[in-house]
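Chemist: pasting a predicted model and its sequence here:
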Amino acid sequence: MLYPIENKVREVKNLCGIWKFKVDENNVGLEEKWFERPLKDAIPMAVPASFNDLVTDEKVKEHVGYVWYERDFIIPDSWDDKRIVLRFGSATHHAIVYVDGVEVVSHKGGFLPFEADITSLMEHSSVDKHRLTVALSNVLDWTCIPCGEVISKEGEGYPEGFQFQETYFDFYNYSGIHRPVKIYTTPKKYIEDIVIKSEVKGLSKEYRKEKCCSIEDYKKLEKSEGLTAKSAVVKVQIQSTDAVKAIMVLDEEDAVIAMETKFRVSEKDGKKVYTTEVQLEAPTLWNPGAAYLYQLRVEGETDVYTESFGIRKIEVTDKQFLINGKPFYFRGFGRHEDSDIHGKGLDDALNIRDFQLLHWIGANSFRTSHYPYSEEQMMLADREGFVVIDEVPAVGMCFWDGQQVFGGNRVNDETLNHHLNTLEEVYQRDKNHPCVVMWSVANEAATHEEGAVPYFKKIIDRMRSLDDTRPVTMVHTSGADGDKVSQWLDMICVNRYYGWYTDHSHLEVIGLQLENEMKRWYEKYKKPIILSEYGADTIAGYHKMPAVAYTEEFQCDYLREFHKVFDQLDFMIGEHVWAYCDFQTKQGLNRVDGNKKGVFTRNRQPKMAAFLLKNRWN
Ligand code: BDP
């Protein structure tokens with residue numbers, strides 16, 4: 001799915017701002033067809049934003065079910081001969097969208113874009129102003145990802161109608177229209193999709209000299225692969241109803257450095273697919289911390305689209321993750337899209353602050369725990385040279401008390417279908433981002449259960465069939481001995497909280513337990529490992545000597561114990577501290593206004609551990 005852009009033949013209208021908002025207290029809006037008329041008794045609401053932290057009424061904040069959004073929009077006469085598309089960057093979690101009371105699209109899943117072609121509706125309309133209504137449900141159950149359950153309780157001690165949204169994941173279930181809503185135009189015949197895959201043929205001399213291990217090692221690498229140095233083949237596939245005439249590659253100075261006008265044309269699902277490739281001599285590679293972005297300009301008879309891309313090579317061996325032939329060690333964090341007031345709503349200023357801090361601390365990577373982040377953030381990561389493990393929202397698929405999750409009336413075929421569909425959507429959205437080096441198909445699923453085996457075989461197979469250029473991983477809570485699915489993964493990600501959730505505050509157990517466990521994973525699978533989460537809740541400003549749990553000193557001591565082990569094991573290829581920032585969660589006995597494992601506060605200021613990591617990572 002292409003991002004909406006403006007150029008000489010495409011226009012974009014941004015619908016962000018203040019909308020009308022109404023909570024569907026009794027969830028009767030659909031039945032009463034609220035979409036047929038302007039919303040009554042609505043309050044103003046910001047888009048994009050989570051609605052939860054903007055309101056003062058707890059009932060609204062914690063509402064389970066539908067909320068309604070509405071605004072007007074105008075289509076200029078000058079768009080008469082255009083194709084008109086209404087697009088949502090995301091709406092959390094399940095949306096039904098109406099224009100002038102007519103349903104134009106519905107979407108399941110809260111973290112990915114969806115759109116509706118509204119051309120014919122606009123053509124046949126004589127009104128000046130159109131009403132856009134969104135019915136948005138935040139209910140999570142076992143048919144979707146993330147998984148959840150609405151719990152009702154009755155009987156003595158419970159008021160009538162007592163119910164709440166149970167979630168089996170550790171972040172607040174922020175809801176709302178979280179990312180931009182736009183209307184964009186294309187010519188009637190248009191470029192629908194572009195897939196760019198590049199193949200690096202050898203690695204450039206400059207790169208070898210400046211950045212890498214020895215030239216000998218490079219020669220060996222080139223020889224073993226039979227590569228010729230210093231070129232790249234950029235393979236392009238364009239799905240288009242417009243006849244494609246040419247593609248051009250532009251460098252960062254906007255100079256055209258390659259062009260092709262010949263295509264192989266085939267048909268897929270009744271649509272024309274144009275395939276071609278260009279060869280680039282001495283390409284500048286996209287490197288972590290040194291991003292270089294080319295532009296691919298596709299010219300059709302009437303449409304034009306420009307997509308940026310990077311050239312880089314990813315390989316995984318039994319002990320290494322190589323980016324452009326160089327062993328890459330993941331330094332960084334698991335994060336959340338989360339902040340005060342905005343909740344999970346897109347905030348460009350916040351994203352800039354985050355990337356500034358990530359650079360400052362010496363991080364080179366992060367995981368989009370536990371759902372795909374905004375397109376705007378992915379573009380920024382491309383530009384800033386961050387390496388991203390792109391995770392889908394398959395979180396909440398594990399109980400820690402032995403209850404089964406896969407099979408029975410929990411994770412079921414509907415969940416599987418939604419999960420498969422989400423893989424497809426995240427691939428469609430993020431496939432051309434050089435920052436994405438690997439897909440994570442789940443976080444902490446019960447991979448020790450028998451039922452997880454056929455489930456994840458299908459999931460991993462689907463991810464591979466979608467993308468043959470990136471490794472696939474998933475993030476584990478299960479132990480090495482119990483895990484039944486990692487034989488299909490390219491590498492292993494493990495979350496561990498020794499000395500915190502187990503043997504609480506005993507730092508002396510961490511080294512031993514971690515080393516043993518990591519060795520077991522490696523012996524079983526012979527695949528490189530990232531410790532994708534480790535951390536301790538820490539109250540900013542809380543100090544004690546000797547250190548006790550929750551102090552800033554303890555967080556530093558805690559991280560240090562893990563680092564000692566990482567530095568000894570050559571198959572460990574990364575450390576992602578949990579978490580980048582403090583973040584909001586549901587209320588819980590061990591959550592005092594959220595999860596406090598942040599190395600930065602929720603307001604993006606450093607705790608002591610930030611300086612420890614800065615020292616280590618720089
Ligand atoms: C891990 C989860 C993460 C939690 C973290 C924690 O992957 O979402 O926030 O534990 O408990 O199990 O802090």
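Modeler: Perfect, thanks for sending it. The structure displayed is predicted, hence computed values, not measured ones.
Chemist: and the closest residue to F309 other than its chain neighbours, what pLDDT?
Modeler: Setting aside the residues directly before and after it, F309 is nearest to I196 in space (CB to CB, 6 or more residues apart in numbering), at 4.5 Å. Placement of C-beta: from N, CA and C, glycine included. Per-residue pLDDT puts I196 at 98.
Chemist: which ones are touching I196?
Modeler: With contact set as CB atoms under 8 Å, 6 or more residues apart in numbering, I196 has these partners: V234, K235, V236, L296, E307, F309, N432.
Chemist: how about 6 Å then?
Modeler: Shown in contact with I196 (CB atoms under 6 Å, 6 or more residues apart in numbering): V236, L296, F309, N432.
Chemist: quick check, nearest of the residues you listed to the ligand?
Modeler: Taking CB to the nearest ligand atom as the measure, N432 is the one of the contacts of I196 closest to the ligand, at 28.1 Å.
Chemist: show me which residues of the chain sit near the ligand.
Modeler: Counting by CB under 6 Å from any ligand atom, the chain comes close to the ligand at F169, D170, H370, N443, E444, T477, N495, E533, W578, N595, K597.
Chemist: quick check: the third one touching G396?
Modeler: Going back to what we said before, that points to H370. No - using CB atoms under 6 Å, H370 is not in contact with G396; the gap is 8.5 Å.
Chemist: can I get the contacts of I196 in JSON lines including neighbour count, distance to K564 and secondary structure?
Modeler: Output for those, formatted as JSON lines (neighbours: other CB atoms under 10 Å; distance: CB to CB, whole Å; DSSP: H, G, I helix; E, B strand; the rest coil):
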{"residue": "V236", "neighbour count": "23", "distance to K564": "47", "secondary structure": "strand"}
{"residue": "L296", "neighbour count": "21", "distance to K564": "46", "secondary structure": "strand"}
{"residue": "F309", "neighbour count": "22", "distance to K564": "40", "secondary structure": "strand"}
{"residue": "N432", "neighbour count": "20", "distance to K564": "40", "secondary structure": "coil"}
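Chemist: which one is D467 nearest to, not counting chain neighbours?
Modeler: Counting by CB to CB, 6+ apart, Y427 is the residue found nearest to D467 once chain neighbours are left out, at 5.7 Å.
Chemist: the one you found reaches L466, doesn't it?
Modeler: Yes - counting by CB under 6 Å, Y427 does reach L466; the two are 4.3 Å apart.
Chemist: out of those two, which sits in the busier spot?
Modeler: Ranked by neighbour count (other CB atoms under 10 Å), Y427 and L466 place Y427 first, with 21 against 17.
Chemist: in which helix or strand does the more buried one reside?
Modeler: helix 413-430 (DSSP states H and E).
Chemist: before we move on, the earlier item: and of the residues of the chain next to the ligand, the nearest to the ligand?
Modeler: Looking across the residues of the chain next to the ligand and measuring by CB to the nearest ligand atom, the closest to the ligand is D170, at 3.4 Å.
Chemist: number of residues surrounding A116?
Modeler: Counted by other CB under 10 Å, the residues lying close to A116 total 20.
Chemist: from the chain's centre, how far out does the helix or strand hosting it sit?
Modeler: Using DSSP H and E, the element containing A116 is strand 114-117. Once both centres are worked out by CA atoms, centre = their mean, to the nearest Å, strand 114-117 turns out to sit 20 Å from its chain's centre.
Chemist: which strands and helices lie in contact with that strand?
Modeler: Judged by 3 or more CB pairs under 6 Å, 6 or more residues apart in numbering; DSSP states H and E, the packing partners of strand 114-117 are strand 82-88, strand 102-108.
Chemist: check the closest residue to E515 other than its chain neighbours and give its pLDDT.
Modeler: Leaving aside its chain neighbours, E515 sits nearest to V565 (5.0 Å; criterion: CB to CB, 6+ apart). Looking at V565, its pLDDT is 98.
Chemist: got phi/psi on the nearest residue to Q279 once chain neighbours are set aside?
Modeler: Nearest residue to Q279, sequence neighbours excluded (CB to CB, 6+ apart): V233, at 5.5 Å. When quoted as degrees, to the nearest 10, the phi and psi of V233 stand at phi -110, psi 120.
Chemist: V233 - how many residues pack around it?
Modeler: For V233, the neighbour count with other CB under 10 Å is 15.
Chemist: that one against K197, yeah?
Modeler: No - using CB under 6 Å, V233 makes no contact with K197, being 8.9 Å away.
Chemist: which SS class is K59?
Modeler: helix (DSSP: H, G, I helix; E, B strand; the rest coil).
Chemist: for the ligand, see how far away it is.
Modeler: According to CB to the nearest ligand atom, to the nearest Å, K59 stands 27 Å off from the ligand.
Chemist: beyond the helix holding Y427, next helix or strand please.
Modeler: strand 436-443.
Chemist: need the helix or strand of the chain with the lowest average pLDDT.
Modeler: Here the helix or strand of the chain ranked lowest by mean pLDDT, DSSP states H and E is helix 205-211, holding a mean of 51.
Chemist: for the residue nearest to N138 when sequence neighbours are not counted, phi and psi?
Modeler: Using CB to CB, 6+ apart and skipping residues adjacent in sequence, the residue nearest N138 is S175, 3.6 Å away. Main-chain dihedrals, S175, degrees, to the nearest 10: phi -130, psi 160.
Chemist: P113 too?
Modeler: Dihedral angles for P113 - degrees, to the nearest 10 - are phi -80, psi 160.
Chemist: wouldn't H94 be in contact with K108 here?
Modeler: Yes - under the criterion of CB under 6 Å, H94 makes contact with K108 at 5.1 Å.
Chemist: how many neighbouring residues does the residue of the stretch 1-150 of the chain found nearest the ligand have?
Modeler: The stretch 1-150 of the chain approaches the ligand most closely through P146 (10.4 Å), counting by CB to the nearest ligand atom. P146 has 23 neighbouring residues, counting by other CB under 10 Å.
Chemist: ok, now which ones touch it?
Modeler: By CB under 6 Å, 6+ apart, the residues touching P146 are L140, F169, P393, V395, G396.
Chemist: would you turn those into a markdown table with neighbour count and secondary structure?
Modeler: Listed next are the contacts of P146 as a markdown table, based on neighbours: other CB atoms under 10 Å; DSSP: H, G, I helix; E, B strand; the rest coil:
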| residue | neighbour count | secondary structure |
| --- | --- | --- |
| L140 | 27 | coil |
| F169 | 24 | coil |
| P393 | 28 | coil |
| V395 | 23 | strand |
| G396 | 26 | coil |
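Chemist: mind putting those into TSV with pLDDT?
Modeler: Shown next, in TSV, are the contacts of P146 (pLDDT from 0 to 100):
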residue	pLDDT
L140	98
F169	97
P393	98
V395	97
G396	91
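Chemist: now D347: phi and psi?
Modeler: When read as degrees, to the nearest 10, the backbone of D347 gives phi -140, psi 100.
Chemist: which residues touch A452?
Modeler: F406, A446.
Chemist: per-residue confidence at it?
Modeler: Model confidence at A452 (pLDDT) stands at 97.
Chemist: any idea how far it is from I530?
Modeler: Distance, A452 to I530, using CB to CB, to the nearest Å: 20 Å.
Chemist: got it, and H336?
Modeler: Counting by CB to CB - H336 and I530 are separated by 18 Å.
Chemist: state the number of residues packed around the residue nearest to E515.
Modeler: Count around V565 with other CB under 10 Å applied: 23.
Chemist: doesn't it belong to a helix?
Modeler: Yes - under three-state DSSP, V565 sits within a helix.
Chemist: any stretches of the stretch 301-450 of the chain with poor pLDDT?
Modeler: Within the stretch 301-450 of the chain, no range satisfies pLDDT under 70.
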